[in-house]
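**Q** Please find the sequence and the predicted model below.
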Amino acid sequence: MTKRFRSLILASVFAGTLQVPFAVAQDAPAVAAAAQDARARADSLVAQMTLDEKIKLLHGLFPPMADGKTEETLVPSAGHFDALPRLGIPTIRETDASLGVANQVEQRKGDTATALPSSLATAATFDPGIAREGGEMIGAEARAKGFNVMLAGGVNLTRDPWNGRNFEYLGEDPLLAGTMAGAHIAGVQSNKIVSTVKHFALNAQETGRMVLDARIDEAAFRESDLLAFQLAIEIGNPASVMCAYNKVNGDWACENDFLMNQVLKRDWGYQGWVMSDWGGVHSTAKAALAGLDQESGQELDSQIFFGEPLKAAVESGAVSEARIDDMVARFLTGLIEAGVLDNPVPEHPQPIPYDVHADVAQRAAEAGIVLLKNQGDILPLATTAQKIVLIGGHADVGVLSGGGSSQVRSVGGVPIEVPLTEGAAMSFARLTYHNSSPMRALQAALPNAQISFVDGSDPAAAAQAAADADMAIIFATQWTTEAQDVDDIRLPDGQDALIAAVAAAQPKTVAVMETGGPVLMPWIDQVPAVLQAWYPGQRGGEAIANLLTGRVNPSGRLPITFPASADQPPRPAPVGLETLTSLEAQAAANPANAGAYQLRTFPVDYVEGADVGYRWYEKQGLTPLFAFGHGLSYTSFAYRNATVTGGDTITLSFDVVNTGDRAGADVPQMYITRTDGGDPMRLAAFDRITLLPGETRHVTLTAEPRILADYDTSLPGWRIAGGSYTVALARDATDRSQSFTVDVNPATIAP
Ligand code: BGC
């Protein structure tokens, strides 16, 4: 659904002989041909519609607030469009989101689904195959439950460690995030349903997300957040793109001509439809003319902009009927190409192989959990360990999940669920645990050990229990949710003091971190082993136990930098949070006049530009707590016989040897920069390979050409400056132990 094919041709024309290696992209000519056929079919359907029928397809209901607005059955979920049986267009039912079929605040009583680990955990696998498998699985459940549009595919880059939605996204690097999102989307759509990619673009913080103005320079934008979307679209071919709530460089994302008309539709040749985020529309003609094709969840907007006002705009000539036809045709093109029209979803829920699906969730967690530290090899747990105490994090009953529209009510029930009493997430989020107890899983794995639990509410008692045991495993939690950022990246509720007290009492202490993203670890020097478990999903307890006991060898790598202090990232705290907190307090004190204390639009300046995450650290000369790409294993790997070739792109070939005595997976990474360019290094390729002890595999990494390039707005397009490039074969973003230089040809690539 892109004009990738055309860009390849243009690229070759610009560059003479440039061969763009794009191993992961779908077959571009075939995709382009399918999109063309779908569009022709869509156009012929549109030609048979009345204006009223067209308009009806352009604004969707929000089922929880749409009682009485349709004669069809409204399934409580994110969105609904009535069928148009005359033309073979089925009812469209939309559900969130990337971690499974969501059922926030149990709006569909008793309806459970399989919960994947957080998307950040999936990103940490560095394995597009796992991302795809997860997408296939959740898409199959969506189809079986009668949904034909899945609002999966969040790919906003992590610019700030405190963003409340980091767990729904795929980290800080555009190549990694775009590749993984694309694979996930392709997996969802393999079920002949739609997946979206979202939130287009720069919805990088939750504080003030409905009003903030994200500001960034165009070239930097193209090289960072937009590149993540571009790759995700090329690889995943999503039928739909969801525009974001925020403004971008002065205009609302959902009425932003630059984003939708110029970048997405003109430069990338996108043929599908742009749907708004729920409550993200602010105008009729402006939005329609800027490229918004459909208003979602209309009840959440201040008025229904794409209903009567859109019809009136056509009648007055403010919006041409040709544009209306294009909007509808894009919607239908997406549906047709995804397979929705030809493969109707079942009318009644179908059986789902939940056991098989739980295994998919578990494999993703096992591959994405990261062993950050393992001093003295205290992990894996010795099978001889006698007395182990587990502390905190409700490890006796389950594992934590992130909150918001992505919330899956998981199979097996919810052992802990705490409603919120305040804040922007109150109406649709609850603090929720999945029924997957690390304690039960460890007891099953180590039947001879004596495993007990203390809840950690009393640090002195926890320290005593730790001292009385042979080993302590402390479960730290940080709950994050859509609609709120965390106000700082320290562990909440005194957990740092608890961990310090336990580590002081028991030298063999392991910390298992169930967090939305990075947290500070002031106790790191006292704690010999740390396992970053993210939100590990419905089988998280089993996955954690398998990694702790060595039944599974850790292989996750950080998709995001862990700061050593709160002031290392570009912004120490959410922009606007102080103002928001003070307004909320004033509104609470003056309930009769609460409306007067609304947050107004404010700028968020992304001063780091394209130097997001690890690139920022390198540029500023900062040493993080744990680097992007870092992750340990119970075995060891060596890289040998590396050779690098330049020319039209950079290719790095080498042997990876498992030099230890266990099977394990490794993630070799290639970082590049122009030797004299003064820019931080960028991840240009990666691979994930599993090796038996002693096994050697020859690996070739080929740089994505746009990572070699800078975006040049005067071209416009990508410009590979050429000349000498420095290449690192690395274990993480800071590893320079094997560096090379190589010459690259200058070239240009279409936007
Ligand atoms: C979120 C989207 C979600 C939509 C529908 C919005 O609040 O930002 O990610 O898909 O709601 O639930």
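**A** Perfect, I can see it now.
**Q** The residue of the stretch 1-150 of the chain found nearest the ligand: neighbouring residues, count only.
**A** Nearest residue of the stretch 1-150 of the chain to the ligand: A78, at 3.9 Å (C-beta to the nearest ligand atom). C-beta here means a position set from N, CA and C on the backbone, and glycine is covered the same way. A78 is flanked by 25 other residues according to other C-beta atoms under 10 Å.
**Q** Check E578 too.
**A** So E578, with other C-beta under 10 Å, has 12 neighbours.
**Q** Pull out the buried positions in the helix or strand hosting it.
**A** Using DSSP states H and E, E578 sits within helix 577-589. If you call a residue buried by 16 or more other C-beta atoms under 10 Å, then helix 577-589 has these buried ones: 577, 580, 583-584.
**Q** got it, and stretch 210-228?
**A** Burial within stretch 210-228, assessed by neighbour count using 16+ other C-beta under 10 Å, is assigned to 210-217, 219-228.
**Q** can you list the residues of this structure near the ligand?
**A** 78, 96-97, 151, 198-199, 277-278, 405 (C-beta under 6 Å from any ligand atom).
**Q** Looking at those residues, which are in strands?
**A** 198-199 (DSSP state E).
**Q** top of the residues of the chain next to the ligand by neighbour count?
**A** Of all these, L151 has the most neighbours under the rule other C-beta under 10 Å, reaching 31 neighbours.
**Q** That residue and S296, how far apart?
**A** Counting by C-beta to C-beta, to the nearest Å, the separation of L151 from S296 is 9 Å.
**Q** again with E704
**A** From E704 across to S296, the span is 32 Å (C-beta to C-beta).
**Q** more neighbours, those two?
**A** The neighbour count for E704 versus S296, taken as other C-beta under 10 Å, is higher for S296 (30 against 26).
**Q** which stretches of the stretch 51-200 of the chain form helices?
**A** Listed in chain order, the helices of the stretch 51-200 of the chain (DSSP state H, counting those that start in this stretch) span 51-56, 119-123, 128-144, 174-189.
**Q** tell me which strands and helices the third one is in contact with?
**A** Contact analysis of helix 128-144 by 3 or more C-beta pairs under 8 Å, 6 or more residues apart in numbering; DSSP states H and E lists helix 119-123, strand 149-150, helix 174-189, helix 354-368 as its packing neighbours.
**Q** Tabulate those in TSV, adding columns for mean pLDDT.
**A** Converted to TSV, the helices and strands packed on helix 128-144 look like this (pLDDT from 0 to 100):
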stretch	mean pLDDT
helix 119-123	98
strand 149-150	98
helix 174-189	98
helix 354-368	98
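**Q** So for the residue nearest to D666 when sequence neighbours are not counted, what's the pLDDT?
**A** Nearest residue to D666, sequence neighbours excluded (C-beta to C-beta, 6 or more residues apart in numbering): F637, at 4.3 Å. F637 is assigned a pLDDT of 98 by the prediction.
**Q** where in the chain is pLDDT low?
**A** Counting by pLDDT under 70, the chain contains low-confidence ranges at 1-25.
**Q** try 80 this time
**A** Within the chain, the stretches with pLDDT under 80 are 1-27, 383-385.
**Q** quick revisit: identify the residue nearest the residue of the stretch 1-150 of the chain closest to the ligand in space, chain neighbours excluded?
**A** Computed as C-beta to C-beta, 6+ apart, the closest residue to A78 that is not its neighbour in sequence is E94, at 4.7 Å.
**Q** Next: R736.
**A** A728 is the one closest to R736 (C-beta to C-beta, 6+ apart), at 5.4 Å.
**Q** A460 too?
**A** Residue nearest to A460 in three dimensions, not counting chain neighbours: A501, with 7.0 Å by C-beta to C-beta, 6+ apart.
**Q** which parts of the one helix or strand the one you found maps to are buried?
**A** Using DSSP H and E, A501 sits within helix 495-505. Buried residues in helix 495-505, defined by neighbour count with 16+ other C-beta under 10 Å: 495-496, 498-503, 505.
**Q** Show me the strands in the stretch 501-650 of the chain, by range?
**A** 509-515, 529-532, 603-605, 637-645 (DSSP state E, counting those that start in this stretch).
**Q** helices or strands next to the second one in the packing?
**A** The helices and strands touching strand 529-532, judged by 3+ C-beta pairs under 8 Å, 6+ apart, are strand 370-374, strand 509-515, helix 540-549.
**Q** following the first one, which helix or strand shows up next?
**A** Secondary structure here is assigned by DSSP H and E; on that basis, the next helix or strand after strand 370-374 toward the C-terminus is strand 387-391.
**Q** Name the nearest residue to K508, ignoring sequence neighbours.
**A** Using C-beta to C-beta, 6+ apart and skipping the chain neighbours, the partner closest in space to K508 is M471 (4.3 Å).
**Q** which ones are touching the one you found?
**A** In this structure, M471 makes contact with 378, 381, 385, 387-389, 506, 508-510, judged by C-beta atoms under 8 Å, 6 or more residues apart in numbering.
**Q** so what's the residue in the stretch 501-650 of the chain positioned nearest to the ligand closest to, chain neighbours aside?
**A** Nearest residue of the stretch 501-650 of the chain to the ligand, counting by C-beta to the nearest ligand atom: G516, 15.3 Å away. Nearest residue to G516 in three dimensions, chain neighbours excluded: T480, at 3.2 Å (C-beta to C-beta, 6+ apart).
**Q** Show the contacting residues for G456.
**A** With C-beta under 8 Å, 6+ apart, G456 has these contacts: 391-393, 462, 474, 495, 498.
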